[in-house]
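1. with the input below, show me the fold.
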Amino acid sequence: MPARNDSWFVAQSSNSAYGELLEAGIKIVEYPLVGSANMDRRSPELNYENNILVSDPVLTAAARSRQGAYLEAGRAVLRPELEEWGFWRRLMQNAVAMLAPVL
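-> A predicted model of the protein is given here:
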């Protein structure tokens, strides 16, 4: 995930999912550059965004190497950090996440 998102709404919506993702055993790492990661229902259902599956050992190795560099440069998001988020911050994140399909 980007540490700084280029969209405030996307950041709030994405952050609202962190707790559930951590509970499911997913490790979250924030990369120190600006960007966006679409973790909402709008991406695949409304914008028809897709993923691609590649079966090429050379390309796969290069992608894994790049991903490893991103993970090393990133910062893990842990449950205690989320527990420090105040009520109003969590409320805002969840409200934005509910509105994400129509924004």
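
2. show me where the chain has its strands.
-> 2-5, 28-35, 75-77 (DSSP state E).

3. most packed of those?
-> strand 2-5 (a mean of 16; mean count of other CB atoms under 10 Å). Quick note: C-beta positions are derived from backbone N, CA and C, even for glycine.

4. what is that one packed up against?
-> With contacts taken as 3 or more CB pairs under 8 Å, 6 or more residues apart in numbering; DSSP states H and E, strand 2-5 sits against strand 28-35.

5. beta partners of the residue nearest to L33 when sequence neighbours are not counted?
-> Closest residue to L33 apart from its sequence neighbours, by CB to CB, 6 or more residues apart in numbering: P2 at 6.2 Å. Beta-bridge pairing for P2 (DSSP bridges): Y31.

6. my read: P2 touches Y31, true?
-> Yes: assessed by CB atoms under 8 Å, P2 is found in contact with Y31 at 5.8 Å.

7. the bottom helix or strand of the protein by mean pLDDT?
-> helix 42-45 (a mean of 67; mean pLDDT, DSSP states H and E).

8. what ranges do the helices span in the protein?
-> 8-16, 18-23, 42-45, 57-73, 79-84, 87-99 (DSSP state H).

9. for the protein, which spans come out with low pLDDT?
-> 35-50, 103 (pLDDT under 70).

10. mind redoing it with 80?
-> Along the chain, segments meeting pLDDT under 80 span 34-52, 100-103.

11. closest one to P101 among the strands of the chain?
-> strand 2-5 (18.0 Å; CB to CB).
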